[in-house]
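> What follows is a predicted structure for the sequence shown.
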Amino acid sequence: MTDSFAINRANWEERAAIHAAPNSYGVEDLIADPEHISAVVRFDRPRLGDVGGLRGVHLQCHIGTDTISLARLGASMVGLDFSPTALAHARALAEKTSADAEFVEANVYDAAAALGVERFDFVYVSIGALCWLPDVRRWARVVAELLKPGGRLFIRDSHPVLQSLDDAQPSETLALAYPYFERPEPMVFDDDTTYIETDARLHSATLTHQWSHGIGEIVTAVLDAGMRLTMLVEHDSAPFKALPGMRRADDGEWRLVDRPWRLPQTFTLQAVKEARMQHDKRAAVLLFSYGTLQDRAVQLANFGRELTGHADALPGYRETLVEIKDPQVVATSGKTHHPIVAPSGDPADEIAGSVFELTPDELLAADEYEVDDYARVLVRLKSGVDAWVYVSAAG
């Protein structure tokens, strides 16, 4: 996954210079008119409401035009992005406009470590964000970490139906060609264009890795991270021309000319972080299991429920068996020998298993189930997700 982020960062490094050029991203309007706000924030404003006096963070802020627009609405803003070139343009724009905005370089998954936990009244995410992230659940947990109790998430992003369409087909067809649901493998594109209207082309970093996340997956991730859904609206427009056969309306948004009601192009979601007691009770942690914790009977015995998980793998480990001498554990699993893993030193080695979301209390219950031969450690899985796993205590 590190390679995917490096590939995408190189692409955004090259895009940043194009987007900061004159007549591209509305930079000149922000400098010339102290009342001007970006078209993206202008569209969001009726649903966003009053942000005056609030502390906000804009994740994946790019060159900062939306971040600075939010500052002009009275918010004290922090913008976070992984592209140094984009942030250089954002800081220069903030200085020219005297905006109450600072900019921090970090991967969005590292936002809480870079900025601190529970610092913000709202998290703002604008168009073209989630498609660059492999795991929407991990993103939602980061958002919850950043928010104060009672703080809210505001996101408007491309609709997964739009992202699943074949953009080479005529607009009357609307043919599905790409995944709607999240997949561990990225979609790989090689394209020298960008999404704004420009003749400029990318020259070296044309490759990108992208992922789709279904609406249900996004909503579930937000709920499981301890937030309460307060708004979900689907829009028939986007602030860019996504497909052939689209026309820009007076509001600056692009819609299909032919029966625009057929296609949700974007969505707006808002959610509020629950009060601390409720949040702590519901907060999810990830556990990777390659052994008996994948068994339904073991899950029911330890957690009182059947877990829902997805396949993943642990690289750099090898598996053996360990004899279980605890009669209660043997009775629960029905097995006298359990698999156990230890580092092999070879990244080509792989242990297949499943990733489950547990509450902190359930993780403690798993600790009680595992015998002393095991130790719980935090690892990075093949998908790039960080999760707890039980490995050999001797290893």
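Now that the structure is in, tell me what you want to look at.
> Report the distance from the lengthiest helix in the chain to the chain centre.
Among all segments of the chain classified by DSSP state H, the helix with the greatest residue count is helix 2-19. On the basis of Cα atoms, centre = their mean, to the nearest Å, helix 2-19 is displaced by 17 Å from the centre of the chain it belongs to.
> again, but for stretch 100-112
Relative to where its chain is centred, stretch 100-112 has its mean C-alpha point 14 Å off (Cα atoms, centre = their mean).
> For the residue nearest to residue 260 when sequence neighbours are not counted, give me phi and psi.
For residue 260, the nearest residue in space outside its immediate sequence neighbours is residue 236; the separation is 4.8 Å by Cβ to Cβ, 6 or more residues apart in numbering. No exception for glycine: its C-beta is placed from N, CA and C like everyone else's. Backbone torsions for residue 236, taken as degrees, to the nearest 10, come to phi -90, psi 20.
> doesn't residue 264 make contact with residue 236?
Yes. Counting by Cβ atoms under 8 Å, residue 236 sits close enough to residue 264 to count as a contact (6.7 Å).
> my guess is residue 366 meets residue 358, correct?
Yes. Contact between residue 366 and residue 358 holds when scored by Cβ under 8 Å: they sit 6.9 Å apart.
> so what's in contact with those two at the same time?
Contact criterion Cβ atoms under 8 Å, 6 or more residues apart in numbering; residues bridging residue 366 and residue 358 by contacting each: residue 287.
> Strands of the stretch 1-150 of the chain, residue ranges please.
According to DSSP state E, counting those that start in this stretch, the stretch 1-150 of the chain carries its strands in the segments 55-59, 76-81, 101-105, 120-125, 147-158.
> Packing partners of the first one?
When contacts are defined as 3 or more Cβ pairs under 8 Å, 6 or more residues apart in numbering; DSSP states H and E, strand 55-59 sits against helix 65-72, strand 76-81, helix 111-115, strand 120-125.
> Give me the helices and strands touching the longest one, please.
Using 3+ Cβ pairs under 8 Å, 6+ apart, the elements in contact with helix 65-72 are helix 27-32, helix 39-48, strand 55-59, strand 76-81, helix 84-97, strand 101-105.
> which parts of the last one are buried?
This means strand 101-105. 101, 103 (16 or more other Cβ atoms under 10 Å).
> Any chance you could list what contacts that strand?
61, 64, 67-68, 70-71, 77-84, 87, 90-91, 94, 114-115.
> which residues of the stretch 201-350 of the chain fall in strands?
Residue ranges of the strands in the stretch 201-350 of the chain, as given by DSSP E, counting those that start in this stretch, are 207-210, 227-235, 246-248, 254-256, 266-273, 285-289, 309-315, 317-323, 337-343, 350-358.
> which outside residues touch the fifth one?
Spelled out, it's strand 266-273. Outside strand 266-273, the residues that reach it (Cβ under 8 Å, 6+ apart) are 44, 47, 127, 144, 147-159, 162, 215, 218-219, 222-223, 226-235, 237-238, 279.
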